[in-house]
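1. quick one, fold the following:
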Amino acid sequence: MAEHTRRTVLRGAAGMAVAGALTGAAARPARAAAVAAAAERSFPFLTGAFAPVTEELTSFDLPVTGRIPGDLNGRYLRNGPNVLGLEDPRAHHWMLGAGMVHGVRLRDGRAEWYRNRWVRSSQVTAELGETYPGPVPPDDFACNTHVVPYRGRILALQESGPLPYELDGELNTVGSYDFRGSLEGAFTAHTKYDAHADELHAIAYYPTWDHVRHLVVGPSGRLARTTRIPVADAPMMHDFALTGKYVVVFDIPVTFDAAAAGAGAPVPYVWNREHPARVGVMPRSGGAVRWFGIDPVFYSHTLNAYDEGGSVVIDLTTYPAPFDVASSTTDGPHAVGTARLERWTVDLRRGLVRRRTLDDRPQEFPRVNEELVSRRHRYGYSAAAAEMSVAYLAGDGNPPDRAFSDALFKHDLARGTAEVHRLPRGAAAGEAVFVPRAHGRREDDGYAIAYVHNPDRGAADLLILAAQDFTGEPLARVHLPGRVPLGFHGSWIPDA
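-> The predicted structure is shown next:
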């Protein structure tokens with residue numbers, strides 16, 4: 001098989017889409033109008049709540065309804081794809097849009113500013129008519145999936161190739177970041193930081209590897225350990241799970257397709273019926289992996305995981321099989337059903353995996369109190385965005401009624417109950433991030449914050465909920481000056 005890199009594999013069609021981009025300001029409105037007209041007809045991930053924004057905004061002293069808690073001092077940041085320079089919607093895939101980070105700065109009960117900034121990869125700087133500073137890193141890409149704090153830095157993340165990009169406190173791109181020169185090759189979109197061990201964990205995959213890599217960044221801030229886990233067919237591993245004892249990897253039937261890559265597919269990963277679905281459990285320090293077969297399913301995101309006696313417990317979101325990450329009928333993923341919240345218990349003594357549905361309502365982007373990553377948790381948070389559910393099901397034509405809900409969820413996993421903060425129709429909700437209250441003692445003593453579209457204003461609000469009064473009125477709605485398209489993941493970056 002010919003050598004493929006992320007530049008040729010995961011950006012082939014995306015690169016063609018922007019290769020002929022017009023940089024003149026006068027040409028942009030006409031081009032944008034033409035793309036929007038075509039997208040309205042066929043491409044759900046370019047319209048409505050997904051429609052990319054075209055400007056970088058800066059706004060100070062934001063208006064607020066309600067009162068921002070005085071102990072919320074920091075920045076709420078969220079990353080997501082925001083395509084730039086698109087010539088032909090047919091060459092677009094939602095997952096390949098250039099990363100744009102949206103941020104709100106809160107301090108002493110005030111919303112000091114809102115900013116949105118593209119991550120400045122070499123391609124983005126060229127499209128914006130700017131100069132890329134310094135040498136271009138290998139597999140360069142405007143990381144669009146996550147943004148996390150790490151040792152005083154802010155890192156935008158992407159899986160399968162690109163190095164993270166570091167941002168400063170005002171969302172300007174500093175440059176690529178390689179963990180003090182210790183990281184070469186692929187990284188991940190979903191790190192797990194264990195605060196007790198002061199370790200940052202990652203699972204990295206790449207289309208030409210015959211393995212995936214468990215990476216551990218130690219207290220020094222450098223890559224301390226790499227463990228190679230052999231796998232067949234180059235599967236996609238978007239997320240993973242971490243407990244106090246184990247790393248858990250999900251080998252699912254979405255695998256690299258060299259023929260699709262050669263044909264210029266934007267995302268050449270396909271549902272592979274011949275690839276067995278399984279869960280792998282490996283000691284955190286490395287060693288042999290134990291594999292457990294499961295029925296075919298698409299594993300999406302981990303809420304959290306922990307050890308329980310001779311078992312590993314994982315709370316996660318899944319889609320029913322098959323799942324197409326690069327549907328030919330839309331410009332994004334295609335599912336045969338909506339995502340739901342499940343609990344998988346890997347019984348290490350009996351050698352089996354028990355699956356149980358915790359909540360079958362459509363929901364995605366599960367989050368936990370980050371202080372409990374890899375430890376037992378009681379509460380979890382997730383979001384339901386109607387436009388996301390409908391877009392994922394676009395190939396079926398008839399989404400179920402439940403798919404048309406916009407809401408935020410708080411799950412009490414000890415009681416098996418869920419509280420629902422319902423939102424008006426058209427109020428598309430992004431991921432809800434939990435922020436602990438200063439000096440709080442209980443796991444849910446804090447706030448759930450999320451960007452939510454305000455259909456009355458045609459712009460986004462930063463919604464701040466009291467986690468212990470989840471269904472009550474928001475503590476505050478911070479009114480942003482523009483839209484925040486539906487995107488991926490984010491973090492609360494507290495002041496030092």
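
2. alpha carbons only for contacts and neighbour counts from here, please
-> Will do.

3. what about the nearest residue to E112 once chain neighbours are set aside, neighbour count?
-> Take E112 and drop its neighbours on the chain: the residue closest to it by C-alpha to C-alpha, 6 or more residues apart in numbering is D61, 4.8 Å away. For D61, the neighbour count with other C-alpha atoms under 10 Å is 13.

4. next one: V231
-> Neighbours of V231 under the rule other C-alpha under 10 Å: 12.

5. who's the nearest residue to it once chain neighbours are set aside bridged to?
-> Distance criterion C-alpha to C-alpha, 6+ apart; nearest residue to V231, sequence neighbours excluded, is H211 at 4.8 Å. Beta-bridge partners for H211, by DSSP bridges, are P230.

6. distance of G310 relative to V346?
-> Distance of G310 to V346, given as C-alpha to C-alpha, to the nearest Å: 9 Å.

7. these two: which is more packed in?
-> V346 (24 against 10).

8. what's the spacing between that one and R375?
-> Counting by C-alpha to C-alpha, the gap from V346 to R375 is 16 Å.

9. where does the residue nearest to H93 when sequence neighbours are not counted land in three-state SS?
-> Nearest non-adjacent residue to H93, counting by C-alpha to C-alpha, 6+ apart: D331, 4.7 Å away. Classification of D331 using DSSP: H, G, I helix; E, B strand; the rest coil returns coil.

10. let me see the contact set for D331.
-> Neighbour list for D331: F43, P44, F45, L46, P89, R90, H92, H93, W94 [criterion: C-alpha atoms under 8 Å, 6 or more residues apart in numbering].

11. turn the residues you listed into CSV, including pLDDT.
-> Compiled in CSV, these are given as follows (pLDDT from 0 to 100):
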residue, pLDDT
F43, 86
P44, 89
F45, 92
L46, 92
P89, 83
R90, 79
H92, 86
H93, 92
W94, 94
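
12. what's the ChimeraX syntax to select whichever of the residues you listed are buried?
-> The buried residues among the contacts of D331 can be selected in ChimeraX (16 or more other C-alpha atoms under 10 Å) with this line:
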select :43,44,45,46,89,90,92,93,94
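
13. make TSV from the contacts of D331 and add secondary structure and distance to L167 to it.
-> Formatted as TSV, the contacts of D331 follow (DSSP: H, G, I helix; E, B strand; the rest coil; distance: C-alpha to C-alpha, whole Å):
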residue	secondary structure	distance to L167
F43	coil	31
P44	helix	30
F45	helix	26
L46	helix	26
P89	helix	29
R90	helix	31
H92	coil	26
H93	coil	25
W94	helix	23
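
14. so where is the stretch 301-450 of the chain shaky, pLDDT-wise?
-> 328-329, 394-398 (pLDDT under 70).

15. once you drop chain neighbours, what's closest to R105?
-> Leaving aside its chain neighbours, R105 sits nearest to R75 (4.5 Å; criterion: C-alpha to C-alpha, 6+ apart).

16. nope, A427 is what I was after
-> Of all residues not flanking A427 in the chain, H453 sits nearest, at 4.7 Å (C-alpha to C-alpha, 6+ apart).

17. one more: T302?
-> In space, and not counting its chain neighbours, T302 is closest to L316: 4.3 Å by C-alpha to C-alpha, 6+ apart.

18. for the host helix or strand of that neighbour, name the packing helices and strands.
-> Using DSSP states H and E, L316 sits in strand 311-320. In terms of contacts (3 or more C-alpha pairs under 8 Å, 6 or more residues apart in numbering; DSSP states H and E), strand 311-320 is packed against strand 297-308, strand 340-347, strand 364-367.

19. distance from the very next helix or strand once past that strand to the middle of the chain?
-> Per DSSP H and E, strand 311-320 leads on to strand 323-324 as the next helix or strand towards the C-terminus. Averaging C-alpha positions (C-alpha atoms, centre = their mean, to the nearest Å) puts strand 323-324 17 Å from its chain's average.

20. ditto for stretch 349-369
-> Counting by C-alpha atoms, centre = their mean, stretch 349-369 comes out at 18 Å from the chain centroid.

21. quick check: buried residues in that stretch?
-> By neighbour count on 16+ other C-alpha under 10 Å, the buried set for stretch 349-369 is L352, V353, L358, D359, P362, Q363, E364, F365, P366, R367, V368, N369.

22. distance between the ends of it?
-> Using C-alpha to C-alpha, the end-to-end distance of stretch 349-369 comes out at 29 Å.

23. before we move on, what about stretch 81-90?
-> This stretch, stretch 81-90, spans 16 Å end to end (C-alpha to C-alpha).

24. ok, now stretch 129-144?
-> Start and end residues of stretch 129-144 are separated by 20 Å (C-alpha to C-alpha).

25. ok, stretch 190-198 next?
-> Stretch 190-198 stretches 16 Å from its first residue to its last (C-alpha to C-alpha).
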